[in-house]
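Need coordinates for the below:
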Amino acid sequence: MDSDVGCDCDAGGGWVWVRRPPEAEAVAAAAGWPSAAEVEARPLKVAFASPARYFTDAAPIGNGRLGAMVWGGVESERLQLNHDTLWTGGPGSYTNPKAPAVLSKVRNLVDNGKYTEATAAAYDLSGDQTQVYQPLGDIDLAFSEHKEYKDYKRELDLHTATVNVTYTVGEVVYSREHFSSNPHQIIATKISSNKPGSVSFTVSLATPLDHKIRVTDANEIVMEGTCPGERPQEGNSVPDRPIGIKFSAILYLQMSGANGRVEVLNDKMLKLNGADSAVLLLAAATSFEGPFIKPSESKLDPTVSAFRILSMARSMSYSQLKTIHTDDYQSLFHRVSLQLSQGSHYLLGNNRLAQSAESGCHDITVSDSALQISGCSGLRGFNDSVNPTVDRIINFKDNEDPSLVELLFQFGRYLLISCSRPGTQISNLQGIWSNDTAPPWDAAPHPNINLQMNYWPSLPCNLRECQEPLFDFIGSLSVNGAKTAKVNYEANGWVSHQVTDLWAKTSPDAGDPVWALWPMGGPWLATHLWEHYSFTLDKQFLEKTAYPLLEGSASFLLDWLIEGHRGFLETNPSTSPEHYFIAPDGKKACVSYSTTMDMSIIREVFSAVLSSADILGKSDAYVVQRIKKALPRLPPMKIARDGTIMEWAQDFEDPEVHHRHVSHLFGLYPGHNLSLEKTPDLCKAVANSLKKRGDEGPGWSTTWKMALWAHLHNSEHAYKMIQQLITLVDPKHEVEKEGGLYSNMFTAHPPFQIDANFGFPAALSEMLVQSTGYEAVQLYLLPALPRDKWPHGCVKGLKARGDVTVNICWKKGSLHEALVWSNSRQNSLAKLHYGDQTATINLSPGQVFRFSRDLKCLKTWQL
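As a prediction, the model looks like this:
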């Protein structure tokens, strides 16, 4: 049993888990701060007053590997299923032997200022498209007698990672509870009512993939199938397609009640009649054995694996499964709490919908997208909780409800826990949730911002374990990327480009070089390795995992840099992600040399290698010596004629000044090349660039701008980005690249992309705490707090570099108290900043420092 978990026996003779309070709460309690229970409790629930009509109305659950979208239908319920390894295709070669000759041609054209011609020639550097993420299928439930219902309520509870659906048919109250357990790797559903013998339904499995279904004599539905062995192409009906990944999903039905009966229908479905309650357990597995093993060569039997998983879960009661699931989830989720300007106006009783309900309305349409309620019956169930989230999003424009900001912050943390756990695949463009065999952009991870943003909150928001799949994936990229670097570019080290997939694709994408020709995806990902060390001070991780991968990335960059005409080391060809410029001949082009983002990322990687080498005693290494010679020869960042940061090496005309990417501002965030203290002039140019770009854009662009404004300590504009994001998106009338939220709080490009759901908690944490360094940490408290919007508040458990944890309480827009401590095994210095005030402390393992509003140390104690 874990040392921080005990058990106690309740009055009924059962066992309950008793977990020690999260560390941040324990530290706050020791300082005499109110506990989370004493502070006004806000239910962290994404609430719905009707069943889902669209995918983005459904409620997501997941255990990192196995996910579901709960639609919450009454007469017919759908749990749409995903497994993180269900992709088309198999390993690729990711090399192009013809690329070196094309590369030489493109470089000559760029050297001669022929950027339009270089752009055209660079098409021949493109590679193949990625493979495609596939849905696992559906659990379909039919409740034939539940046509007329009232008091409908559906909630995703972020505290427990469960979805609950309740409604009333006649005098019977029905409830369904769903969760996806990481410890047991199953999806569990309990269906019950307040009247014995009232639970009856038919259950089946379905999938859009090739499959067969059978029912065993143990109340199990077994669905076995195969993914396409190659990327589906329009009109491609070749019979000899390669074998794809095999999968199996097994659904087990358990009932309670003396009069309940189960029968098999058509050898494909189970029909339950007259039970008191029922439990459904779903286990799933695939034959995916790793990114380098062909599906045809896999020795894994997914059906055997799924039965093994199911057998372990069946040995436990539903309450035991739920308790263990909840304990596992809360050990991560409850590390951080956030309260902003406590108020109660968000409760339904003070909402216009509640007033409409009380007045006896018959038909309400709150929005075209998600909430249509007849007879107001769906609203009455919300009197003791929060009002429907779709309405809160609509009303945010008027009431700026801070509790909705809290909910969106914690929803992002919930999603990361639910789609990325140790041993799983990385979070893709939709996390793990997709209902389409041809999802937007293949749901493929895009390392030109989107994949990185998925993991931005993992460190500051105290979810370091959730980043482990990213490091595993970078390791796979380094293997394939070494082949791409050697064959395509005749370079050492490893490289990866703008998009990838389950098979760790590292070659350029197919198509336009404006997106495809971008070999900085791998180097940008490599910076996450150093960030992990700077936050955790895990020297073993640095030595065994981070440094070898960073060194390989740096080796590629050193070979990729070539002598330029201006005496600098240049990147050629070079693009700024997905953004054209106007070439001197008046035509649009995208290929030139030494874009600002290239140079910013290279500086970050080189700096990380130098710092790592210093820590590990490798300063004499050959690659380190090469970096030291190369760094002074990199082109400096420049300011354009209009006072903005130059995006390209030349001050080209920009045909799309409101472009969604802000790649040239990478040096401020997430990079560290720029800061208000060290580069004030360049930071002023960053602000000018953000103003020129404008506030509108996709969700991920909005949250990146939010973080950038936070690092400029501009709380007003950072908050403006929050307002920009919290806008309802109607899935029937999506406007491309306008961002916003769907009714289930998924973020929109549109369509749905999950990156902004992660960018938001990361950016919000940067508004409250910022840090630099790793041994002598600079810690900035409330650097971009919107004081007039959130005059009172408290955050507990945010992480900073140097393995520092921070609790902050503020009142009337100013710091009230701060608690700072480190669990690092080594002593270190930290300098705290709040406004113009500073304080320096010597951090030692487990020592807590309590600071007043003027950064006077009031007390210290040991954890």
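
Do a quick rundown of the strands in the stretch 201-350 of the chain.
210-215, 220-226, 246-256, 261-265, 269-275, 277-286, 337-340 (DSSP state E, counting those that start in this stretch).

now the ones you listed in CSV, with mean pLDDT?
Output for those, formatted as CSV (pLDDT from 0 to 100):
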stretch, mean pLDDT
strand 210-215, 97
strand 220-226, 98
strand 246-256, 98
strand 261-265, 96
strand 269-275, 97
strand 277-286, 98
strand 337-340, 96
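
Now tabulate those strands in TSV and tack on distance to residue 661 and mean neighbour count.
In short, each C-beta sits where N, CA and C put it, glycine included. Below are the strands of the stretch 201-350 of the chain laid out as TSV (distance: least, Cβ to Cβ, whole Å; neighbours: other Cβ atoms under 10 Å):
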stretch	distance to residue 661	mean neighbour count
strand 210-215	39	15
strand 220-226	38	21
strand 246-256	36	22
strand 261-265	53	13
strand 269-275	49	19
strand 277-286	34	24
strand 337-340	29	23
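
Residue 545: which of those strands is closest?
strand 277-286 (25.9 Å; Cβ to Cβ).

Relative to that closest one, what are the paired strands and their orientations?
strand 186-193 (antiparallel), strand 246-256 (antiparallel) (DSSP bridges).

returning to what we had before: for residue 839, find the nearest of the strands of the stretch 201-350 of the chain.
strand 337-340 (24.1 Å).

what's in contact with that closest one?
22, 24-25, 36, 39-40, 42, 402-403, 405-406, 409-410, 790, 792-797 (Cβ atoms under 8 Å, 6 or more residues apart in numbering).

so of those, which ones are in strands?
With strands taken from DSSP state E, the overlap with those comprises 793-797.

that older thread, list only buried entries from the contacts of strand 337-340.
22, 24-25, 36, 42, 402-403, 405-406, 409-410, 790, 792-797 (16 or more other Cβ atoms under 10 Å).

Secondary structure class of residue 733, three-state.
coil (DSSP: H, G, I helix; E, B strand; the rest coil).

tally of neighbours for residue 656?
13 (other Cβ atoms under 10 Å).

I'd guessed it sits against residue 579; true?
Yes - shown here, residue 656 and residue 579 form a contact pair, counting by Cβ atoms under 8 Å, at 7.0 Å.

For residue 817, see how far away residue 34 is.
Distance check for residue 34 against residue 817: by Cβ to Cβ, to the nearest Å, it reads 12 Å.

Looking at the two, which is more packed in?
Between residue 34 and residue 817, counted using other Cβ under 10 Å, residue 817 has the larger neighbour count: 19 against 13.

my read is that one is in a strand, agree?
Yes - with three-state DSSP as the criterion, residue 817 is located in a strand.

if you skip the residues just before and after it, what's nearest to it?
residue 809 (5.0 Å; Cβ to Cβ, 6 or more residues apart in numbering).

Same check on residue 481?
Going by Cβ to Cβ, 6+ apart, residue 481 has residue 494 as its nearest residue, at 3.4 Å.

Can you report how many residues neighbour that neighbour?
26.

Pull the contacting residues for the residue nearest to residue 726 when sequence neighbours are not counted.
The shortest distance from residue 726 to any non-neighbouring residue, by Cβ to Cβ, 6+ apart, is to residue 396 (4.6 Å). The neighbours of residue 396, taking Cβ under 8 Å, 6+ apart as the test, are 404, 723, 726-727.

try residue 159
43-44, 330, 333.

quick one, phi psi at it?
Residue 159 adopts backbone torsions of phi -70, psi -30, taken as degrees, to the nearest 10.

How much space separates it from residue 598?
44 Å.

Quick check: of the ones in strands among the contacts of strand 337-340, which lies closest to residue 120?
For the ones in strands among the contacts of strand 337-340, the nearest to residue 120 is residue 795 (51.6 Å; Cβ to Cβ).

How about the contacts made by that closest one?
Counting by Cβ under 8 Å, 6+ apart, residue 795 has contacts 336-339, 768-769, 806-808.

Of the ones in strands among the contacts of strand 337-340, just say which sits nearest to residue 261.
residue 797 (50.0 Å).

surely the closest one meets residue 805?
Yes - shown here, residue 797 and residue 805 form a contact pair, counting by Cβ under 8 Å, at 6.4 Å.

can you list residues touching both of these two?
23-24, 462.

so of the residues you listed, which ones are in helices?
23-24 (DSSP state H).

for the stretch 1-150 of the chain, what spans make up the helices?
In the stretch 1-150 of the chain, the segments counted as helices under DSSP state H, counting those that start in this stretch are 23-30, 99-111, 115-121.

Redo these as CSV? Include distance to residue 631 and mean pLDDT.
Listed next are these as CSV, based on distance: least, Cβ to Cβ, whole Å; pLDDT from 0 to 100:
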stretch, distance to residue 631, mean pLDDT
helix 23-30, 39, 94
helix 99-111, 22, 98
helix 115-121, 27, 98
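
Deepest in the core, which of these is it.
helix 115-121 (a mean of 22; mean count of other Cβ atoms under 10 Å).

what's in contact with that one?
With Cβ under 8 Å, 6+ apart, helix 115-121 has contacts from 102, 105-106, 109-110, 513-514, 573, 581, 583-585, 587-592.

Repeat that for stretch 673-690.
Against stretch 673-690 from outside (Cβ under 8 Å, 6+ apart): 600, 603-604, 637, 639-640, 642-645, 662, 664-665, 667-668, 705, 708-709, 711-714, 717, 772.

Could you pull up the residues touching residue 654?
579, 581-582, 647 are the contacts of residue 654 under Cβ under 8 Å, 6+ apart.

you'd agree residue 287 is up against residue 301?
Yes - here residue 287 lies in contact with residue 301, judged by Cβ under 8 Å, at a distance of 7.3 Å.

Give the residue from the two that has the larger number of neighbours.
With neighbours defined as other Cβ under 10 Å, residue 287 and residue 301 compare such that residue 287 has more, 24 against 14.

any idea how far the closest residue in space to residue 568 that isn't next to it in sequence lies from residue 561?
Leaving aside its chain neighbours, residue 568 sits nearest to residue 635 (4.6 Å; criterion: Cβ to Cβ, 6+ apart). Taking Cβ to Cβ as the measure, residue 635 falls 10 Å from residue 561.

Between those two, which has more neighbouring residues?
Under the criterion of other Cβ under 10 Å, the comparison of residue 635 against residue 561 puts residue 561 first, with 22 against 19.

Tell me the backbone dihedrals of the more buried one, please.
phi -70, psi 140.

Please name the nearest non-neighbouring residue to it.
Nearest non-adjacent residue to residue 561 (Cβ to Cβ, 6+ apart): residue 569, at 4.2 Å.

List the residues that contact the one you found.
Contacts of residue 569 by Cβ under 8 Å, 6+ apart are 561-563, 630, 633-635.

In helices, which of these appear?
Counting by DSSP H, those contribute residue 630 to helices.

can you put the contacts of residue 569 in JSON lines and add distance to residue 234?
Formatted as JSON lines, those follow (distance: Cβ to Cβ, whole Å):
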{"residue": "561", "distance to residue 234": "41"}
{"residue": "562", "distance to residue 234": "40"}
{"residue": "563", "distance to residue 234": "45"}
{"residue": "630", "distance to residue 234": "46"}
{"residue": "633", "distance to residue 234": "48"}
{"residue": "634", "distance to residue 234": "45"}
{"residue": "635", "distance to residue 234": "44"}
